[in-house]
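*Asks:* following is a predicted model, sequence given first.
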Amino acid sequence: MHDHEPGNAAAARQEASGLYGKKLAFYGAGSMAEAIVRGLLTRELTQPQQITMINRADAARLEALRSRYGVQAPSEGGAKLEALKGAEIVVLAMKPKDAAQALRQFGEIVRPGQLLVSVIAGLRIAAIERLVGRDVPIVRTMPNTSSTIGLGVTGISFSERVSPQARAMATAMFEAVGTAEVVDEPLLDAVTAVSGSGPAYAYYLMEQMIAAGQQLGLDADAARALTVQTLRGAAEMVLATGEQPAELRRKVMSPGGTTEAAIRTLDAHGFPEGVQRAMARAAERAGELGDSIEEGLQSS
Ligand SMILES: NC(=O)C1=CN([C@@H]2O[C@H](COP(=O)(O)OP(=O)(O)OC[C@H]3O[C@@H](n4cnc5c(N)ncnc54)[C@H](O)[C@@H]3O)[C@@H](O)[C@H]2O)C=CC1
Ligand SMILES: O=C(O)[C@@H]1CCC=N1
């Protein structure tokens with residue numbers, strides 16, 4: 001992606017981020033961890049040998065990560081612990097249901113000065129502090145999978161213990177793979193609903209547009225090409241013109257024309273309400289995921 005940029009651009013990013021040379025451990029090596037790792041390596045923010053990806057016993061997955069990215073992906077328990085102990089930054093990237101046990105184990109080996117960066121939906125800073133049981137600085141984030149190609153967007157919030165340098169480093173880490181917005185922690189559930197889950201809404205819309213295009217007689221390749229470029233162009237138009245989506249929509253919608261007919265049909269089928277309710281439910285679900293971890297804490 002960045003094959004043609006001057007070498008000093010990568011060097012400037014490395015310098016600005018403060019990440020270069022830092023040991024990173026990804027605790028949980030699923031799709032989100034992979035998206036961030038791929039983005040960091042593509043942007044040359046760090047080198048593969050600085051990254052360890054830790055997963056449950058899944059030899060094929062670990063081998064795939066090693067061969068794809070050149071990162072360390074140990075399969076043996078002792079080596080996993082060493083990597084977690086040795087890392088300057090530990091990125092928590094397991095599913096919410098696996099977080100409590102993993103964080104308790106981490107609490108037994110955590111060292112002062114380590115920075116914890118969570119990408120786990122719903123998991124609150126206070127719960128992480130309780131689970132780890134030490135005064136570690138915590139960065140709670142909500143990224144999205146478009147980080148894979150450097151077009152992610154991440155909501156970030158910090159515990160009080162995060163130093164200004166660590167704040168800058170964590171922010172730079174996510175800016176390296178897209179853009180980042182610092183928000184108050186309670187707003188991260190809303191961020192989850194908008195941009196964490198958001199790529200899936202766009203893909204779902206694409207799925208329906210491609211299927212409908214085919215029903216109207218286009219072949220699958222043409223329906224896909226027309227749909228994808230249309231959504232890409234629409235997002236770029238909002239960015240390039242600075243206009244509101246509603247204004248841009250009005251420019252497409254000639255009175256009495258095809259678009260107006262389509263939008264009326266969407267309205268008749270409850271599209272606006274459906275999107276709003278879906279996102280309210282996503283935010284609520286983020287809170288529930290956090291609650292269920294905390295309930296587990298109270299009963300243990
Ligand atoms: N996929 C997405 O679009 C986004 C996901 N997230 C968050 O990222 C987290 C991970 O999500 P995905 O990557 O989609 O899940 P995933 O299921 O692809 O990956 C999670 C990985 O963690 C590993 N794991 C679980 N417990 C472990 C333990 N104790 N030690 C080591 N590894 C362990 C599992 O083996 C699994 O491979 C979730 O908490 C989710 O809320 C956040 C933003 C976007
Ligand atoms: O679906 C989920 O729970 C995660 C969080 C945001 C995107 N994926």
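*Replies:* Sure, I can see it. Numbers count the residues shown, from 1 in each chain. Ligands and ions are numbered 1, 2, ... in the order given.

*Asks:* can you pull the contacts of S147?
*Replies:* Going by CB atoms under 8 Å, 6 or more residues apart in numbering, S147 touches A35, I36, R38, G39, T154, F174, V177, G178. Where you see a C-beta, it was placed from the backbone N, CA and C, and this is true even at glycine.

*Asks:* without its sequence neighbours, what residue ends up closest to it?
*Replies:* V177 (3.8 Å; CB to CB, 6 or more residues apart in numbering).

*Asks:* does ligand 2 have contacts with stretch 194-204?
*Replies:* Yes - Stretch 194-204 is in contact with ligand 2 by CB under 6 Å from any ligand atom, via G196, S197.

*Asks:* near ligand 1 at all, that stretch?
*Replies:* Yes - for stretch 194-204, a contact with ligand 1 is found by CB under 6 Å from any ligand atom, at G196.

*Asks:* who in the stretch 101-250 of the chain is up against ligand 1?
*Replies:* Q101, A102, V119, I120, A121, M142, P143, N144, T145, G196.

*Asks:* same list (the contacts of S147) but as CSV, adding secondary structure.
*Replies:* Converted to CSV, the contacts of S147 look like this (DSSP: H, G, I helix; E, B strand; the rest coil):
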residue, secondary structure
A35, helix
I36, helix
R38, helix
G39, helix
T154, strand
F174, helix
V177, coil
G178, strand
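
*Asks:* out of those residues, who's nearest ligand 1?
*Replies:* Closest to ligand 1 out of the contacts of S147 is A35 (7.5 Å), distances taken as CB to the nearest ligand atom.

*Asks:* is the closest one in contact with L151, as I believe?
*Replies:* No - counting by CB atoms under 8 Å, A35 does not reach L151; the two are 10.6 Å apart.

*Asks:* those two: which is more packed in?
*Replies:* Remark: of A35 and L151, A35 carries more neighbours, 22 against 15, as counted by other CB atoms under 10 Å.

*Asks:* enumerate every residue touching the more buried one.
*Replies:* Contact analysis of A35 by CB under 8 Å, 6+ apart lists P143, N144, T145, S146, S147, T148, G152, V177.

*Asks:* which parts of the helix or strand hosting S292 are buried?
*Replies:* Here S292, judged by DSSP states H and E, is contained in helix 271-298. Using 16 or more other CB atoms under 10 Å as the test for burial, helix 271-298 gives M279, A282, A283, R285, A286, L289, G290, I293, E294.

*Asks:* so which bits of the stretch 51-200 of the chain are right by ligand 2?
*Replies:* Counting by CB under 6 Å from any ligand atom, the stretch 51-200 of the chain comes close to ligand 2 at A121, T192, G196, S197.

*Asks:* can you pick the most crowded of the residues you listed?
*Replies:* G196 (26 neighbours).

*Asks:* how many other residues sit next to the closest residue to that residue other than its chain neighbours?
*Replies:* Computed as CB to CB, 6+ apart, the closest residue to G196 that is not its neighbour in sequence is M142, at 4.5 Å. For M142, the count of nearby residues is 30 (other CB under 10 Å).

*Asks:* on that earlier part again, next, the contact list for the residue nearest to S147, please.
*Replies:* A35, I36, G39, L40, R43, P143, S147, T148, G150, G152, T154.

*Asks:* from E294, how far out is it?
*Replies:* Distance, V177 to E294, by CB to CB, to the nearest Å: 29 Å.

*Asks:* now the stretch 151-300 of the chain against ligand 1: closest residue?
*Replies:* G196 (4.4 Å).

*Asks:* what about the helices in the stretch 201-300 of the chain?
*Replies:* All helices of the stretch 201-300 of the chain, identified by DSSP state H, counting those that start in this stretch, fall at 220-241, 245-252, 258-268, 271-298.
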